[in-house]
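K.L.:
sequence first, predicted coordinates after that:
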Amino acid sequence: MSKHLAKIAASLTRTLSLALVLAFGMVTVAHAEDVAPAPNPTDASAPISTPIATPLASVTPAPVTASVRPAKVSNLTVLDNQPTQLTLTWDQPQTVNAETISDYRVTYKFDDFGSWITWKHPATTDTRIAIPNLPLGVGISFAIRPISANFAGLAVKLHLTTPTPPAIQLTVLQQRNEYAFVAANWNSRAVSKYGYYPSRDCANWASQALLRRGFVQTAKWHGRISRLRGSSMAWISSTKLHDYLLATGKVTLLTDAQRDLVQVGDIVQFDWWNTGMQEHTGIVSAIIPTADGLKIYYASHTAHGMWWSVDRSIHISYPGATVSYLHVN
């Protein structure tokens with residue numbers, strides 16, 4: 001029995017040793033293959049590429065636009081100061097580091113009335129400008145500013161007085177009396193026996209001038225008589241005055257195309273909006289021959305002036321307005 005058991009134990013020992021050898025050998029081979037695997041092109045992982053930093057592309061900077069206010073103009077002077085036209089000239093300002101000048105803004109203001117007025121003209125870089133038909137014998141200030149895309153430069157100012165017209169020779173006594181009244185009272189705001197109507201005194205004042213011309217007051221045309229009895233409408237209304245004077249037969253209606261028949265002392269009237277009404281009345285105070293035809297000037301109240309330009313009134317102040325004249329026969 002013991003011998004039989006001993007044989008069984010020996011057999012088991014041999015079997016166990018063989019299994020251990022085989023097991024350790026397989027482990028060793030597997031470990032060796034794991035460390036140094038054979039190349040296999042079918043399942044090899046794709047190589048990983050590492051990005052290489054490249055320098056930024058060079059960028060050309062955009063040109064820098066100057067945004068500096070233009071400097072002032074210089075040497076602003078009067079080139080010509082004639083009754084029918086004023087010419088100003090100046091030097092272009094320095095433009096270093098400043099925006100390009102595209103125009104010059106020209107503004108002006110009369111000493112005795114009104115606010116600053118812009119002279120309208122097409123944009124230009126010309127450093128000379130001519131302004132026609134200014135009122136005569138008035139103080140006036142000009143301001144010139146260079147204009148660029150984004151800025152208006154600082155103003156340079158100049159003050160001057162426009163010339164007066166040539167001396168007027170009147171042979172008829174009534175005309176001289178009328179002209180003397182106009183010259184002495186064009187800027188008066190004193191309340192006379194006929195009253196003063198702020199902002200609408202033109203017909204009242206023109207009617208008083210006609211008294212010096214020899215016209216006589218009537219029941220339809222008279223000034224203020226007392227505090228209880230005022231002026232007639234024909235005396236203080238431009239339209240009513242127009243109708244009354246034509247009805248008397250003492251005046252002849254002239255159009256602007258008949259300037260050659262107009263005389264100093266005649267009545268001038270304006271239809272500002274071409275409605276068939278007369279909105280303003282004055283007295284012709286000067287007539288100047290020019291190469292472009294006769295230039296007519298007039299005196300009036302509200303606005304007060306001795307030598308307003310008819311052409312300025314109908315082309316600049318009220319473009320397209322109609323003017324007419326009542327020539328005293």
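P.N.:
Structure received. These numbers come from a predicted model, not from an experiment.
K.L.:
the residue lying closest to residue 124 once chain neighbours are set aside bridge partners, please.
P.N.:
Excluding its sequence neighbours, the residue lying closest to residue 124 (Cβ to Cβ, 6 or more residues apart in numbering) is residue 103, at 6.4 Å. Any C-beta I mention is one placed from the backbone N, CA and C, and that applies to glycine too. Under DSSP bridges, the beta-bridge partners of residue 103 are residue 147.
K.L.:
so for residue 103, what's the pLDDT?
P.N.:
We have a pLDDT of 96 for residue 103.
K.L.:
residue contacts, it?
P.N.:
123-125, 146-147 (Cβ atoms under 8 Å, 6 or more residues apart in numbering).
K.L.:
go with 10 Å
P.N.:
Going by Cβ atoms under 10 Å, 6 or more residues apart in numbering, residue 103 touches 121-126, 145-148, 152.
K.L.:
residue 270: which of these is nearest?
P.N.:
Distances from residue 270 to those, taken as Cβ to Cβ, are shortest for residue 121 (24.3 Å).
K.L.:
look up how far residue 195 lies from that closest one.
P.N.:
Distance, residue 121 to residue 195, using Cβ to Cβ, to the nearest Å: 42 Å.
K.L.:
how about stretch 273-283: buried residues?
P.N.:
By 16 or more other Cβ atoms under 10 Å, the buried positions in stretch 273-283 come out as 278-283.
K.L.:
among those, which ones are in strands?
P.N.:
Cross-referencing these against strands under DSSP state E gives 280-283.
K.L.:
how about these, which pair is most distant?
P.N.:
280 and 283 (11.8 Å).
K.L.:
okay, and the common contacts of the two?
P.N.:
Joint contacts of residue 280 and residue 283 (Cβ under 10 Å, 6+ apart) are 202, 206, 268, 298, 300-301.
K.L.:
can you lay out those as JSON lines showing distance to residue 86, neighbour count and pLDDT?
P.N.:
Below are those laid out as JSON lines (distance: Cβ to Cβ, whole Å; neighbours: other Cβ atoms under 10 Å; pLDDT from 0 to 100):
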{"residue": "202", "distance to residue 86": "26", "neighbour count": "26", "pLDDT": "98"}
{"residue": "206", "distance to residue 86": "28", "neighbour count": "26", "pLDDT": "98"}
{"residue": "268", "distance to residue 86": "23", "neighbour count": "27", "pLDDT": "98"}
{"residue": "298", "distance to residue 86": "19", "neighbour count": "31", "pLDDT": "98"}
{"residue": "300", "distance to residue 86": "21", "neighbour count": "24", "pLDDT": "97"}
{"residue": "301", "distance to residue 86": "25", "neighbour count": "27", "pLDDT": "96"}
